[in-house]
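Undergrad: A structural model of the following input is requested.
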Amino acid sequence: MKYEILAPCGSFESIIAAVRCGANAVYLGTKELNARRGAENFGFEELKKATEYCHKRGVKVYITLNTLVFDSELTTAYDTVKACLECNADAFIVQDLGVAKMIRTCFPEARLHASTQCSVNSPEGFKMLEELGFCRAVLPREMSLEEIKEIRKATSMELEMFIHGALCMCVSGQCYLSAMLGSRSGNRGLCAQPCRLQFSADNSGSYDLSLKDLSLIEHINELDEAGVFSLKIEGRMKRPEYVAAAVTACKKAIKNRYTDSDRDVLKSVFSRSGFTDGYFTGKRNNMFGIRGKEDVTAAAKVLKELSHLYDNETPLIPVNMSVKCLENEPFSLTVSTKNECITVSGGVPEKAINKPLTEETLKARLSKLGGTPYFLADFSAELSDGLILPASEINALRREACELLGKDKDREITALPYAQPKPRIKKGAPYFTARFLKAEQIPENHPFKRIFLPVWAKDEEFINHGAGVELPRGLFGAEEKLRKTLLHLKEIGVTEALCSNAGAYRLAESLGFTAYGDYALNITNSESASFFRSPILSYELTLSQAERINAEDTGIIAYGKLPLMLTRNCPVKNRIGCEKCRKNGTLTDRKGFKFPVICSEYPCVEILNPIPLILSDRMDEINTDFIHFYFTDEKKEEIANIIKLYKNQQKSDIKYTRGLYYRGVK
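TA: Here you go, the predicted structure:
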């Protein structure tokens, strides 16, 4: 199997570093709508230059369009895709299903790669992505080798995997910590990385949300066996020397030449207390680390040496040359690669006085390909005796052919028109729905049209309360377990399912449940809302943005301690262990706030905001079809009082937040 080494490029110098060190593809962002808005990124003139540079060297260019998009930005997304296609971009890495729908509809030739930000982590989810028109998907960083193999069996899409770089504590696409704390949304490309600050499970001031950097370079052969095609390096915010070092290390590993010395160089150029492969191997007990002073100072020793890795053009592409040097005919040179053939012609050769051209002299002159990405593989000449052509003219023809070779051709683009969705006008007071962490919280005579309990609740609790089932966000390796549970719940009469990821939604529908879309599907526009029944919109929207979503029966979370993170490695278990926690874990930040950590019978835990969202006195400003209550650790009596507040539209006398509904995200 042939690998693709996929390198991150936040600047043109990083592109040069990646290509000269042997990357097969690069990924980069334009100035808008990409998940690294803090990188230098590329305007469209720069992008045209970048794609020409890469394509001439046989390297593909993928555009990161991997953020959530508001209705007001869908035309910007359309214009961006059109401009990138005109620049000959090869594919788009997309998070937002609404954007994917727009691209598939308006630009049928465009290739779609599903970002890891899509938060798809089960076989059914990857099947859904393939049905939606994606030809490649980026696997979650949290997957083990066996889970990757499970995905490979479920889909014919190409699979891409991060093998080196920064490792977020939260499952990609499921982090709202930066947004809630400072309106800088990780789903919008402006994460402030608050998780790298102090969040302690034992009040010691420890950094229990900061993971070491990922490195799977030593596992490349195993990834090959698991069916991973693209080896992705993280780091569009990092310097070119980092890109050069990582690409070089991958090349060495593919040839089984990667050594401890190479690993030390990578560690020196950038790491956080070293590297981890804990998710891949399943050994998750030593994954935490921070970027200390020694990590910073180590980089200074290797940067200059690494910069020399991309000093010179690397001859990457073999070319064949054939020459016609015949009497009374223009001199012609044909240069070909496996993909194209270029012929250029010069003057008519003259009779030589003393040193006529020979095949050897022609080959010597034409093989001088330094400063180009080409090297001579095969040479032939049809040559009459006793002819001469000035060396300057032969050199000029060589340069002309090399300039034309690999040059992007203008292509016709199918660009069907796109109309931005018109806002839907909703009328009437919203109805109520709710999820409860425990059945004992449910009050008598509640006002909720739909209620949901976690999938691990008892049979009698579902039956006694007529509850639907809330499916877990993180399904890593647990889809079959969930399938069996759902089949049982269906037998006892459960008919509705609240689904937070695409895989769970597809699974529930396939088993005959009435599936509803939950908040973690990250629905921020009318196009993405159209995929799901009665979706709970992302709480990164403002109230004004939410009410404009033109889809049937939409809602927002109007009460609750909002989930801020979904993480596969429990920070409390890592610090103090499950015995001391007893399912009452919290993380204390540097300001003294305590963030509850909620355990699950499925692979992930959730970290909640310590202050509840309350909109009871702002009900007249909510214009969605329904509001959803997210109950976690509240007692039954508290919940009864909360319901009363909302019915009477009264202000709460406890500390609360309005979330992002008025301040929004950047």
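Undergrad: quick one: low-confidence residue ranges for this protein.
TA: Applying pLDDT under 70 to the chain flags the ranges 1, 35.
Undergrad: switch the cut-off to 80
TA: Scanning the chain for pLDDT under 80 picks out 1, 35-40, 410-411, 426-427.
Undergrad: as a quick check, tell me the outermost residue of it.
TA: For the chain, the largest distance from the centre (CA atoms, centre = their mean) belongs to residue 353, which lies 66.3 Å off.
Undergrad: in contact with that one, which residues?
TA: By CB atoms under 8 Å, 6 or more residues apart in numbering, residue 353 lies in contact with residue 388. Bear in mind the C-beta positions are built from the backbone N, C-alpha and C, glycine included.
Undergrad: how about a cut-off of 10 Å?
TA: Residue 353 makes contact with 386, 388 under the criterion CB atoms under 10 Å, 6 or more residues apart in numbering.
Undergrad: which strand or helix spans the closest residue to residue 471 other than its chain neighbours?
TA: Among residues not flanking residue 471 along the chain, residue 504 sits closest, at 4.0 Å (CB to CB, 6 or more residues apart in numbering). Taking DSSP states H and E as the definition, one finds residue 504 inside helix 502-510.
Undergrad: do I have it right that residue 607 meets residue 209?
TA: Yes - under the criterion of CB atoms under 10 Å, residue 607 makes contact with residue 209 at 8.0 Å.
Undergrad: got any residues that touch both of these two?
TA: Any residue near both residue 607 and residue 209 by CB under 10 Å, 6+ apart counts here, and that gives 169-170, 177, 195, 199, 565, 567, 571, 587, 595.
Undergrad: ok, of those, which one's closest to residue 662?
TA: residue 177 (19.0 Å; CB to CB).
Undergrad: measure the closest one to residue 606 for me?
TA: Per CB to CB, to the nearest Å, residue 177 is found 12 Å from residue 606.
Undergrad: residue 295 now?
TA: 30 Å.
Undergrad: and the two? which has more neighbours close in?
TA: residue 606 (22 against 19; other CB atoms under 10 Å).
Undergrad: shouldn't the more buried one be in contact with residue 587?
TA: No - assessed by CB under 10 Å, residue 606 is found out of contact with residue 587, at 11.7 Å.
Undergrad: please enumerate the shared neighbours of these two.
TA: 565, 596-597.
Undergrad: am I right that residue 93 falls within a helix?
TA: No - counting by DSSP: H, G, I helix; E, B strand; the rest coil, residue 93 is not part of a helix but strand.
Undergrad: want to try TSV for the shared contacts of residue 607 and residue 209, with secondary structure and neighbour count as columns?
TA: As requested, those are exported to TSV (DSSP: H, G, I helix; E, B strand; the rest coil; neighbours: other CB atoms under 10 Å):
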residue	secondary structure	neighbour count
169	coil	22
170	coil	24
177	helix	23
195	helix	24
199	strand	26
565	strand	25
567	strand	23
571	helix	27
587	strand	25
595	strand	21
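Undergrad: pick out whichever of those sits closest to residue 665.
TA: Relative to residue 665, and with distances defined as CB to CB, the nearest of the shared contacts of residue 607 and residue 209 is residue 177, at 12.1 Å.
Undergrad: leaving out chain neighbours, which residue sits closest to that closest one?
TA: Nearest non-adjacent residue to residue 177, counting by CB to CB, 6+ apart: residue 564, 4.6 Å away.
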